[in-house]
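S.K.: The amino acid sequence is not available; the structure is as follows:
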């Protein structure tokens, strides 16, 4: 990691790939190997390609061999953190202070709202709208054109950590074009059907 004169306070790792017409704000950190497509905008104090750091007792997979990849036209807003191993599709937006964990995928044109959390191994389709303060737990699936209201929480562990290593965590599944209202809590393994509406 070394300082770079491409932007004020920028810290750049080895092997970073920057496309054409990439705009970078102040005090951004870009970790080694990160791939940033053409026309991306990286706003102030964003951290890209952060290596995951798991607790000693975590049962989540530890290996992350792939870099963070931002497709063309992605916007990463102020203070957002995107981990190594994540992929963000064309034209997507990561809101202020949100984070996207390793092995997660965000589809084209999707929006992750301010201070929302996309945990590891979450699959998000295209044109999804995740509003402010949402928590999408590990192993959740969100299909195309879904709306997730502000403050929605998903969970994936019905034992609340009282399980052995063989236990399988199960996130929520939100099928195509469903809508989940503000403040809803979805329990492990819940599936919301296509075009379904869950009130706040």
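M.R.: That came in fine, so what should we check first? Bear in mind that the values here come from a model prediction, so they are computed numbers and not experimental data.

S.K.: Now stretch 107-118: buried residues?
M.R.: By neighbour count on 16 or more other Cβ atoms under 10 Å, the buried set for stretch 107-118 is 107, 108, 109, 110, 111, 112, 113, 114, 115, 116, 117, 118. Yep, even glycine has a C-beta here, placed from its N, CA and C like the rest.

S.K.: Please apply the same query to stretch 14-23.
M.R.: 16, 18, 22.

S.K.: Turn the residues you listed into a markdown table, including secondary structure, distance to residue 93 and pLDDT.
M.R.: Formatted as a markdown table, the buried residues of stretch 14-23 follow (DSSP: H, G, I helix; E, B strand; the rest coil; distance: Cβ to Cβ, whole Å; pLDDT from 0 to 100):
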| residue | secondary structure | distance to residue 93 | pLDDT |
| --- | --- | --- | --- |
| 16 | coil | 21 | 98 |
| 18 | strand | 19 | 97 |
| 22 | coil | 15 | 98 |
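
S.K.: outside of the strand or helix carrying residue 48, which residues touch it?
M.R.: Per DSSP states H and E: residue 48 is located in strand 47-50. The contact list for strand 47-50 (Cβ atoms under 8 Å, 6 or more residues apart in numbering) reads 13, 16, 28-34, 36, 42, 67-68, 70, 76, 80-84.

S.K.: Quick one: buried ones out of the residues you listed?
M.R.: 13, 16, 28-31, 33-34, 36, 42, 67-68, 70, 76, 80-84.

S.K.: Which ones among those map onto strands?
M.R.: 29, 30, 36, 42, 70, 76, 81, 82, 83 (DSSP state E).
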